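Chemist: Give the three-dimensional model of this entry:
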Amino acid sequence: MRKTLPGFCILAGLATAAAAHPALENPRAEAGSAYRAAIRITHGCSGSPVREVIVQVPEGVRGAKPMPKPGWQIAIEPRAIRWSGGRIDNGYFDEFVLLVQLPEAPGTLYWKVSQVCEQGRIDWFDTSGDGKTPAASLEVLPSTGHSGHKH
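Modeler: Here you go, the predicted model:
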């Protein structure tokens, strides 16, 4: 007799659905703190490999420093960081990392991400919460005064 774990199946399905769009590794951080924004890209554009990732830095976020990635070039623009020249084939994922200083005010910050593929492009810009291309979100929590090192 085969046993099933319905709770596990539901959670696995939710995890798969949630991982389909760019997401921040840590979706919560303290206001005013230094924050490591690691954005996961988990698939291409309808099977086409990703060749470029553009992350728009939210208003109020300062000092964005991208982490270099072997095989990718980085362009730092006024409110965006662009990684290009690399490749993420389907069946793989990758992370694109920025070190930033968060604003002092709590609230939700949306990280709009574009993934440009060999064929096609997906702009993950929706901030309404009900779209098919949701922006990655970060909940900035009130400061407790223990956020650690600041620059």
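Chemist: low-scoring stretches of the chain, by residue?
Modeler: For the chain, the stretches with pLDDT under 70 are 1-19, 146-151.
Chemist: let's see it at 80
Modeler: The chain contains residues with pLDDT under 80 at 1-20, 145-151.
Chemist: At the geometric centre of it, which residue do we find?
Modeler: Ile39 (2.9 Å; Cα atoms, centre = their mean).
Chemist: If you count neighbours, what's buried in the helix or strand that contains it?
Modeler: Using DSSP states H and E, the element containing Ile39 is strand 34-41. Of the residues in strand 34-41, 34-35, 37, 39-41 count as buried by neighbour count, 16 or more other Cβ atoms under 10 Å. (Each C-beta comes from the backbone N, C-alpha and C, glycine too.)
Chemist: what's the answer for stretch 66-73, then?
Modeler: Quick answer for stretch 66-73 (16+ other Cβ under 10 Å): 66, 69, 72.
Chemist: Turn these into TSV, including secondary structure and distance to Ser84.
Modeler: Formatted as TSV, these follow (DSSP: H, G, I helix; E, B strand; the rest coil; distance: Cβ to Cβ, whole Å):
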residue	secondary structure	distance to Ser84
Pro66	strand	12
Lys69	coil	10
Trp72	coil	7
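Chemist: out of those, who's nearest Val100?
Modeler: Using Cβ to Cβ, Pro66 comes nearest to Val100 of the buried residues of stretch 66-73, at 9.8 Å.
Chemist: Tell me which stretches of this protein form strands.
Modeler: Along the chain, the segments classed as strands by DSSP state E run 23-24, 28-30, 34-41, 50-56, 62-66, 73-77, 80-88, 94-101, 107-111, 113-117, 121-124, 136-141.
Chemist: on that earlier part again, looking at the buried residues of stretch 66-73, which is nearest Glu104?
Modeler: Set against Glu104, the nearest of the buried residues of stretch 66-73 by Cβ to Cβ is Pro66 (23.1 Å).
Chemist: Noted, bye for now.
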